[in-house]
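Student: with the sequence up front, the predicted model follows.
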Amino acid sequence: MADPTPASIVANMRGGRVSVARNEVLRLMHDLLPGVIAAQNARDGIEITAPKQFYAARESLEGLTLPAVMVGASIDVTAQGGGVQFKAVTVGVFCIGGRIEGRAEVDDMWDTVELAIEIMKTTQRGHCLPDGRLVWNQCIPSKAEQLPGNWDKYSGAAAYFRLDQMGLDLWTPAA
């Protein structure tokens, strides 16, 4: 068997793409979360703080405008036998707020995370990119948690979602 070449590898690439999924979740949060928060606040007379900035996850929180939403991702691969592998993307939506002064800040970050979960629930049976390509077949909420952090500077909570991309081809450009 001949060694692969860069051209042969690229010619045979198919499947999901973590960067595309992460960027789409970031777009959904940017486009929908402020409006969902405003609608919830208006309906119930509460004051959940809307994020000021939306970021792809990064190593440092220095220089972040708070409150903010960051979206990160990882890939989970499970062997299915016979050389078949199942790949799923896990996306984390991190709602980062300012310094915790009391219970109000903790409640605010949890309220924001729960509204982010409600947005993602609308994509449970699949979601298409604006160009019409299916970016995930299924969205499964997996957990939410309060984040450890430097409580003198920031606080946060996160929600995680498994996005199945089985049978998709996000490496080939849209037609």
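Tutor: Thanks, I have it. Numbering: from 1, shown residues only.
Student: alpha carbons only for contacts and neighbour counts from here, please
Tutor: Will do.
Student: quick check: buried residues in whatever helix or strand C139 lives in?
Tutor: Here C139 sits within strand 138-146, counting by DSSP states H and E. For strand 138-146, the neighbour count (16 or more other Cα atoms under 10 Å) marks Q138, C139, I140, P141, A144, Q146 as buried.
Student: contacting residues around the third one?
Tutor: Translated: I140. Q124, F161, R162, L163 (Cα atoms under 8 Å, 6 or more residues apart in numbering).
Student: cool, V89 as well?
Tutor: Counted by Cα under 8 Å, 6+ apart, V89 has contacts V18, A21, A73, S74, I75, D76, R162, L163, D164, Q165.
Student: swap the cut-off to 10 Å and go again
Tutor: With contact set as Cα atoms under 10 Å, 6 or more residues apart in numbering, V89 has these partners: 16-19, 21-22, 73-77, 136, 139, 161-165.
Student: report the buried members of these.
Tutor: Buried members of these, counted by 16+ other Cα under 10 Å: 16-18, 21-22, 73, 136, 139, 161-165.
Student: tally of neighbours for A11?
Tutor: 11 (other Cα atoms under 10 Å).
Student: er, V91 actually
Tutor: With other Cα under 10 Å as criterion, V91 counts 24.
Student: ok, now how distant is it from S19?
Tutor: Going from V91 to S19 by Cα to Cα, to the nearest Å gives 10 Å.
Student: for this structure, what's the longest helix?
Tutor: helix 18-44 (DSSP state H).
Student: which helices and strands does that helix pack with?
Tutor: strand 53-56, strand 68-81, strand 84-97, helix 103-121, strand 127-128, strand 134-136, strand 155-164 (3 or more Cα pairs under 10 Å, 6 or more residues apart in numbering; DSSP states H and E).
Student: as TSV, these with mean pLDDT and distance to L170 would be great.
Tutor: Formatted as TSV, the helices and strands packed on helix 18-44 follow (pLDDT from 0 to 100; distance: least, Cα to Cα, whole Å):
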stretch	mean pLDDT	distance to L170
strand 53-56	93	19
strand 68-81	88	15
strand 84-97	86	13
helix 103-121	92	20
strand 127-128	95	11
strand 134-136	93	7
strand 155-164	92	13
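Student: nearest to S8, of those?
Tutor: Proximity to S8 (Cα to Cα) singles out strand 84-97 among the helices and strands packed on helix 18-44, at 19.8 Å.
Student: starting from that closest one, tell me which strands it pairs with and how they run.
Tutor: Strand 84-97 pairs in its sheet with strand 68-81 (antiparallel), strand 155-164 (antiparallel), by DSSP bridges.
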